[in-house]
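> Kindly generate the corresponding structure for this input.
(2 chains)
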Amino acid sequence: MNNSFDKKFLEKTNDWLKTNQKIVLATVIQTWGSSPQPVGSKMIINENGDFSGSVSGGCVESAVIRECLEILKKNIPFKKIEFKISNENAWEVGLACGGEITIYIEQVK
Amino acid sequence: MELKIFQEIIKNKNKKIEFSVITNLETGNSKIFLVGETIDEYFFEHEKKIQFFCRNKKNGIIENTNIFIQTFINPVKVIIVGAVHIAQYIIEFTKYLNFEIILIDPRKFFATEERFPKIKVVNKWPEEAFKEIITDSNTALISLTHNPKIDDPALIHALKKNFYYIGALGSQNTHSDRCERLKFFGFNENEINSIHGPIGIKLGGKSPPEIALSIIAQLTLETYNK
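Numbers count the residues shown, from 1 in each chain, chains lettered A, B, ... in the order given. Purely as a prediction, here's the structure:
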């Protein structure tokens, strides 16, 4: 059933590819404890900060988008971001589920 | 990730090919791996582990490495018999779920492209239709005509092929008559009891979209139970 490239995700991706937008792919690569989205879950972000898909239940998306825009700006090809309960950033963005997740973000180009 | 790899992922998804994407988290290098193919020299030392993840349809990082594997699996095949009103809602609701719907109905005025756009419609009797559809224990059947002439052959095929989910629309009475007929065809009690009839989980609704929702809920539940 796991389908990280679902219909909505594919439609958005196709639109952005057609218009040659800069895109960043974010993938959940590790989880500990309770996390709302399984390993392999994906989100795609364009240069304007528009996004489709998800990597959590809305807990860390804003921080992930910020990081994605940052790697586009600095032209860093990829980066690993960890969200832990002890991590200040996670509190700020509200990882209320008590889990930990690692997200891998990469430019598609 | 290189754009061409990303485009290949999309292409494979659209062509319903099962594959894995292997990423070296240290270098950012990604490769697409199709089951049965030889593994690129770059990832060769992890071949056994990669094969293990692919066979078990797992996602994750190979222990003590920087290699991340994601497997992309095909949707579950769901056969709907009966191009009726409820079928239209089932198709609408499953649009975003990982199911591949094939619709069978010999009645041409029901199974029109106008009523069912973008869906594979087989305009034949079930016995004929199943000759051109590959089915196995990973297939599900939703039988909606409550007409024995159309439903029974489909149910018989599904029972013989050991479908993981078989549901048949119809009242308690319709279903008990159906069970009697299947007994006559030589199916045992266990086989007959494996049919979900009346179909769907009890949500309380009676309208076509509500019945469709109750069927989809049951199908999803059974998909995770299989």
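
> what's the model's confidence in stretch A:48-57, averaged?
Average pLDDT, stretch A:48-57: 90.

> Please put the alpha-carbon coordinates of that stretch into CSV.
Taking Å, rounded to 0.1, in the frame of the first residue of the first chain, the C-alpha atoms of stretch A:48-57 are listed here in CSV:
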residue,chain,number,x,y,z
ASN,A,48,8.8,29.3,-4.1
GLY,A,49,8.4,27.1,-1.0
ASP,A,50,5.3,25.4,-2.4
PHE,A,51,5.2,21.8,-1.4
SER,A,52,3.4,18.5,-1.9
GLY,A,53,3.5,15.2,0.0
SER,A,54,4.5,15.0,3.7
VAL,A,55,7.3,13.8,6.0
SER,A,56,5.3,14.1,9.3
GLY,A,57,1.9,14.9,10.4
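
> got the CA coordinates for the helix or strand B:Ile50 falls within in PDB?
Applying DSSP states H and E as the criterion places B:Ile50 in helix B:47-55. What follows is helix B:47-55, C-alpha atoms only, in PDB (Å, rounded to 0.1, in the frame of the first residue of the first chain):
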ATOM      1  CA  GLU B  47      24.400  -6.700  -3.000                       C
ATOM      2  CA  LYS B  48      23.000  -9.200  -0.500                       C
ATOM      3  CA  LYS B  49      21.500  -6.600   1.800                       C
ATOM      4  CA  ILE B  50      20.000  -4.700  -1.200                       C
ATOM      5  CA  GLN B  51      18.400  -7.900  -2.500                       C
ATOM      6  CA  PHE B  52      17.000  -8.600   1.000                       C
ATOM      7  CA  PHE B  53      15.400  -5.200   1.200                       C
ATOM      8  CA  CYS B  54      14.000  -5.500  -2.300                       C
ATOM      9  CA  ARG B  55      12.600  -9.000  -1.700                       C
END
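
> who's in contact with it?
B:20, B:22, B:33, B:35, B:39, B:43, B:58-60, B:62-63, B:65, B:67, B:69, B:71 (C-beta atoms under 8 Å, 6 or more residues apart in numbering or on different chains). C-beta coordinates here come from the backbone N, C-alpha and C atoms, glycine included.

> quick one: the nearest residue to B:Tyr165 once chain neighbours are set aside from B:Asn225, how far?
Leaving aside its chain neighbours, B:Tyr165 sits nearest to B:Ala140 (3.9 Å; criterion: C-beta to C-beta, 6 or more residues apart in numbering or on different chains). Distance of B:Ala140 to B:Asn225, computed by C-beta to C-beta, to the nearest Å: 12 Å.

> Alright, I will stop here.
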